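Q: model the structure of this input:
(one chain, ligands or ions: 1)
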Amino acid sequence: MTTSARPDSTETTAGSTDVGGGTGVHARWLVKDGYDVDLIDPVPRHVERASAVCTAMEGDARSLPAADGTYDVVQLLGPLYHLPDPADRHTALAEACRVVRPGGLVAAAAINRYASLFEHAALAHLHTERMQASITEILRTGTYDGKRGFTIAYFHRAEELAVELKDAGLKGVEVFGIEGPAWSLLKAQQHALGTMPSEDSVASALAAARLAESYPELHASNSHLLAVGRASS
Ligand SMILES: C[S@@+](CC[C@H](N)C(=O)[O-])C[C@H]1O[C@@H](n2cnc3c(N)ncnc32)[C@H](O)[C@@H]1O
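A: Numbers count the residues shown, from 1 in each chain. The predicted model follows:
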């Protein structure tokens with residue numbers, strides 16, 4: 001992935017917001033890399049923990065507290081997972097576009113439409129009719145009702161994620177797979193052996209992710225997708 005907004009020694013520190021930033025998992029390394037980060041999350045106990053990492057406040061991706069053009073970078077690494085209504089996802093992405101500066105970067109993650117199919121096959125869950133029905137529904141609609149084991153969620157196809165960013169006004173939109181095509185093999189190995197996958201298995205899975213990156217038809221094999229685009233200058 002070549003898109004970069006990393007500050008260097010000649011730049012002023014880049015301002016970014018981590019929308020749906022949870023407890024500050026990503027904010028921690030962004031702060032370490034020299035970024036100023038404002039983290040927004042609707043869950044009070046996440047915000048409390050993230051406050052130890054960066055500026056953190058309760059809020060919703062659909063109504064951000066910042067003024068227009070505040071940030072160099074806006075990342076949404078989670079909110080789109082939890083907004084099954086397309087109008088809500090559009091509002092969240094439009095808000096990201098509003099608070100990023102002209103030419104600034106927006107990065108949005110999504111759960112892949114096919115992730116639960118791969119995961120439950122790897123974990124040998126798909127032999128029951130209940131699981132088959134549940135996965136069939138996710139594949140058909142992209143939504144999970146949150147009734148068992150996982151929260152209400154939306155699962156994107158790669159093309160759909162790109163269209164959503166473009167519809168929000170972003171330019172030069174690109175989609176990347178995050179885990180690559182071998183992530184569910186690691187899960188299957190871990191499940192079958194009851195141990196962590198070997199270093200060679202992890203290295204192979206990472207190599208597969210890098211080799212697959214330039215082939216959009218392999219996006220469907222990832223567990224998560226990352227879309228990036230820039231606001232108009
Ligand atoms: C799977 S977690 C990801 C946390 C973190 N970004 C990460 O990648 O580790 C999803 C996060 O999105 C947050 N979230 C859910 N709905 C949201 C919304 N409407 N606006 C902003 N954040 C939301 C959740 O509270 C949660 O912290």
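
Q: going forward, measure contacts and count neighbours with C-alpha atoms only.
A: Will do.

Q: what's the burial count for residue 21?
A: 24 (other C-alpha atoms under 10 Å).

Q: so it versus residue 194, what's the distance?
A: Distance of residue 21 to residue 194, computed by C-alpha to C-alpha, to the nearest Å: 31 Å.

Q: then residue 225?
A: Distance of residue 225 to residue 194, computed by C-alpha to C-alpha: 28 Å.

Q: also residue 67?
A: 50 Å.

Q: quick one: name the residues of this protein near the ligand.
A: Neighbours of the ligand within the chain, by C-alpha under 6 Å from any ligand atom: 19-22, 25, 41-43, 60-61, 77-79, 82.

Q: tell me which element residue 192 is part of?
A: Secondary structure from DSSP states H and E places residue 192 in helix 183-193.

Q: tell me the helix or strand right after that helix.
A: Reading on from helix 183-193 to the C-terminus, the next helix or strand found by DSSP H and E is helix 199-212.

Q: list the helices and strands the helix holding residue 192 packs on?
A: Counting contacts by 3 or more C-alpha pairs under 8 Å, 6 or more residues apart in numbering; DSSP states H and E, helix 183-193 is packed against helix 115-122, helix 199-212.

Q: ok, which of the ones you listed comes nearest residue 90?
A: Closest approach to residue 90 among those (C-alpha to C-alpha): helix 115-122, 22.4 Å.

Q: if you count neighbours, what's buried in the helix or strand that the closest one is followed by?
A: For helix 115-122, the following helix or strand on the C-terminal side (DSSP H and E) is helix 129-141. Using 16 or more other C-alpha atoms under 10 Å as the test for burial, helix 129-141 gives 134, 135, 138, 139.

Q: check which residues of the least confident helix or strand in the chain by mean pLDDT are buried.
A: Least confident helix or strand of the chain, by mean pLDDT, DSSP states H and E, is helix 183-193 with a mean of 92. Under the neighbour-count criterion of 16+ other C-alpha under 10 Å, helix 183-193 has 183, 184, 185, 186, 187, 188, 189, 190 buried.

Q: picking up where we left off before, looking at the helices and strands packed on helix 183-193, which is buried most?
A: The highest average neighbour count among the helices and strands packed on helix 183-193, using mean count of other C-alpha atoms under 10 Å, belongs to helix 115-122 at a mean of 20.
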